[in-house]
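Colleague: got a predicted model here, sequence first, then my questions.
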Amino acid sequence: MAEIIQEDKQKGGKRRPKKHSTRIDMTPMVDLMCLLITFFMLTTAFSKPKVMQIVLPEKVKKNEKVEPPKIAESRTLNVILGPNNKIYWYPGKPAQDVENAPVMQETDYSDTGIRASLLERNKALFKKITDFENQVTTGEIELKPDSVQARIKKIKKDDDTGPIVLIKPSKLSTYKNFVDIIDEMSIVGIGTYTVTDISWVEEHMLASQSGSATPSTTNK
Amino acid sequence: MPKIQIKHQSPHIDMTPMVDLFSLLLTFFMLTATFRPDEPAPVDTPYSVSEKKTPDNNMMTVTISADNRVFFNVDNGQDTILHYRPKILEEMGKRYNIEFTKDELRKFEKGNYTLGVKMQDLKAFLNCKDAAERTAFEKGVPIDSLDNQLAMWVLYTRQVNPNVQTLIKGDGKVEYPTVKKVLSVLQDYQVKVFNLITNLEKVEVTQKVE
């Protein structure tokens, strides 16, 4: 190899090796990267979905007799999820017979609907919770986020003024209704609520009041 | 008069900083990417104010689609050595007298399917070549009292992985009786805490001070 070069020099012609520019054209690379970034951005589940936790009591076995928990009638609120995104509710003891059934109030899932009625009844507890939250945000009370949640839970548990809500989804309600009403419970800060089955008396009341419901819902 | 020479500027732009930035972004997205598992049916989850995040692992998800089909999915545990998915499938196979080959178990583990398939069809489902073939089998996991396969999935999942958390992902339009059926199946197997998957929606509530 070395010999050949020498020969070249002897010929006298100055042969410079062609000078390549040190710059590489990066455009295709950038194109590709753009494409990949777009792909990854669109396919990643970046924001994880949130979950809403509910706790349901253990099922009562058929041949087991369990006394229903005693709750104050004055605090009880029966919320029935009806068809067509309507809520029917009445206060007091769950209705036992069709003859002297209480009249249910019709409302919906909007801010002025069920939320207003629940908030009205849950005033004291709601105020306690918001006051506590304000104290935390202003720095009067210093707590870790976990213990803040625990404290709110305790406030809710100790409360004895707010309503006890019995949620009774009818056969014609949807999953959205179900989630919405449980969501309302956490928005308004209801201390005690549970999901129970709708009784046949209430189904009857619902059918006569909503009108649209088919009589097949009262098949008992 | 001397000519005023306009400085000749090269039309090339130095792309190096841009490339730097891009490669940084690309690396970031590649490393943080967690792929969404295959959804056999589109599910529109309702909205709530809850800000609790879904757990990373140890979860079984029961999906209810708008046409009342029920799907089941379970993850592989916090570590890939645990192999929860094939273990659960093996147990299920024993229950329904279906022998799964090693290859089928591996396929089940890797292809993070949200299952909507009857046990009897599962072997054929796993041997499908592409997604189009698979959708033909996705009729939903049976939940009626005669052949309650969802209950068996729940039972064996909880046996294999006792720390599993229950997630329910339902479409807003699902009728309540279907939801109730699923809830009661889970309650039969001592599941008490349910996590309902929702989208976040901020709500401001102010109480009037009188």
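Modeller: Nice, thanks for sending it over.

Colleague: now the lengthiest strand in chain B: buried residues?
Modeller: For chain B, the strand reaching the highest residue count under DSSP state E is reported as strand B:193-200. Going by neighbour count (16 or more other Cβ atoms under 10 Å in any protein chain shown), the buried part of strand B:193-200 is B:194-198. C-beta coordinates here come from the backbone N, C-alpha and C atoms, glycine included.

Colleague: got a list of contacts for that strand?
Modeller: The list of residues contacting strand B:193-200 from outside it, by Cβ atoms under 8 Å, 6 or more residues apart in numbering or on different chains, reads A:49-56, A:179, A:182-183, B:45-52, B:54-55, B:59, B:61, B:165-170, B:183, B:186.

Colleague: redo that, cut-off 6 Å
Modeller: Contacting residues not belonging to strand B:193-200 are listed as A:49-55, A:179, B:45-48, B:166-169 [Cβ atoms under 6 Å, 6 or more residues apart in numbering or on different chains].

Colleague: stretch A:114-121 now?
Modeller: Around stretch A:114-121, the neighbours that count as contacts under Cβ under 6 Å, 6+ apart are A:87, A:107, A:163, A:184, A:188.

Colleague: dump the residue contacts of the second one.
Modeller: It stands for A:T107. Contacts were defined as Cβ under 6 Å, 6+ apart; by that measure A:T107 touches A:87, A:113-114.

Colleague: quick one: the closest residue to it other than its chain neighbours and B:Y84, what's the gap?
Modeller: Ranked by Cβ to Cβ, 6 or more residues apart in numbering or on different chains and with sequence neighbours excluded, the top spatial neighbour of A:T107 is A:G113, at 4.2 Å. When distance is defined by Cβ to Cβ, to the nearest Å, A:G113 is 44 Å away from B:Y84.

Colleague: more crowded one of the two?
Modeller: The neighbour count for A:G113 versus B:Y84, taken as other Cβ atoms under 10 Å in any protein chain shown, is higher for B:Y84 (22 against 17).

Colleague: test my guess that that one contacts B:Q78.
Modeller: No: between B:Y84 and B:Q78 no contact is recorded; they are 9.7 Å apart, counting by Cβ atoms under 6 Å.

Colleague: which secondary element of chain A has the worst mean pLDDT?
Modeller: Lowest on mean pLDDT, DSSP states H and E among the helices and strands of chain A sits helix A:2-10, with a mean of 47.

Colleague: what residues does chain A have near chain B?
Modeller: If contacts are counted using Cβ under 6 Å from any Cβ of the partner chain, the residues of chain A sitting beside chain B are A:26, A:33, A:36-37, A:40, A:44-45, A:48-55, A:59, A:126, A:169, A:171, A:173-176, A:179, A:183, A:187.

Colleague: can you get me the start-to-end distance on stretch A:90-101?
Modeller: Chord length of stretch A:90-101, first to last residue, is 10 Å (Cα to Cα, to the nearest Å).

Colleague: now swap in stretch A:70-84 and tell me
Modeller: Start-to-end, stretch A:70-84 (Cα to Cα) is 33 Å.

Colleague: before we move on, back to that, columns secondary structure and pLDDT on top of the contacts of A:T107, output as CSV?
Modeller: Conversion of those to CSV gives the following (DSSP: H, G, I helix; E, B strand; the rest coil; pLDDT from 0 to 100):
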residue, secondary structure, pLDDT
A:I87, strand, 88
A:G113, helix, 83
A:I114, helix, 84
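
Colleague: from these, which is closest to A:S199?
Modeller: Within the contacts of A:T107, proximity to A:S199 (Cβ to Cβ) peaks at A:I87, which comes in at 16.8 Å.

Colleague: what about that closest one, distance to A:T137?
Modeller: A:I87 sits 32 Å away from A:T137 when distances are taken as Cβ to Cβ.

Colleague: and the contacts of stretch B:180-187?
Modeller: Under the criterion Cβ under 6 Å, 6+ apart, residues A:59, B:62, B:143, B:150-151 lie in contact with stretch B:180-187.

Colleague: spatially central residue in chain A, please.
Modeller: Most central residue of chain A, judged by C-alpha distance to the mean C-alpha position with Cα atoms, centre = their mean, is A:M52 at 4.5 Å.

Colleague: next, count neighbours for A:R121.
Modeller: Neighbourhood size, A:R121 [other Cβ under 10 Å]: 19.

Colleague: which residues does B:T45 contact?
Modeller: The contact partners of B:T45, taken as Cβ under 6 Å, 6+ apart, are B:197-199.

Colleague: look at it and give its secondary structure.
Modeller: Using DSSP: H, G, I helix; E, B strand; the rest coil, the three-state assignment for B:T45 comes out as coil.

Colleague: next, give phi and psi for B:I98.
Modeller: Here the main-chain torsion angles of B:I98 (degrees, to the nearest 10) amount to phi -120, psi 130.

Colleague: next one: it from chain A, what distance?
Modeller: Using Cβ to the nearest Cβ, to the nearest Å, one obtains 30 Å as the distance from B:I98 to chain A.

Colleague: low-confidence regions, chain A specifically.
Modeller: A:1-15, A:23, A:45-47, A:61-68, A:211-220 (pLDDT under 70).

Colleague: from the contacts of stretch A:114-121, list the buried ones, please.
Modeller: Neighbour counting by 16+ other Cβ under 10 Å classes A:87, A:107, A:163, A:184, A:188 among those as buried.

Colleague: nearest to A:S74, of these?
Modeller: Closest approach between the buried ones among the contacts of stretch A:114-121 and A:S74, by Cβ to Cβ: A:P163, at 9.3 Å.

Colleague: residues contacting that closest one?
Modeller: Taking Cβ under 6 Å, 6+ apart as the criterion, A:P163 is in contact with A:75, A:77, A:121.

Colleague: what's the spacing between the last one and A:I198?
Modeller: I take that to be A:R121. With distances defined as Cβ to Cβ, the gap from A:R121 to A:I198 amounts to 21 Å.

Colleague: what is the nearest of the contacts of stretch A:114-121 to A:K144?
Modeller: Sorting those by how near they are to A:K144, with Cβ to Cβ, puts A:V188 at the top with 25.3 Å.

Colleague: surely the closest one is in contact with A:K123?
Modeller: No: because the distance of 9.9 Å does not satisfy Cβ under 6 Å, A:V188 is recorded as not touching A:K123.

Colleague: which residues are common contacts for these two?
Modeller: Applying Cβ under 6 Å, 6+ apart, one finds that no residue jointly contacts A:V188 and A:K123.

Colleague: quick one, longest helix in chain B?
Modeller: Scanning chain B for the longest helix, with DSSP state H as the assignment, gives helix B:16-32.
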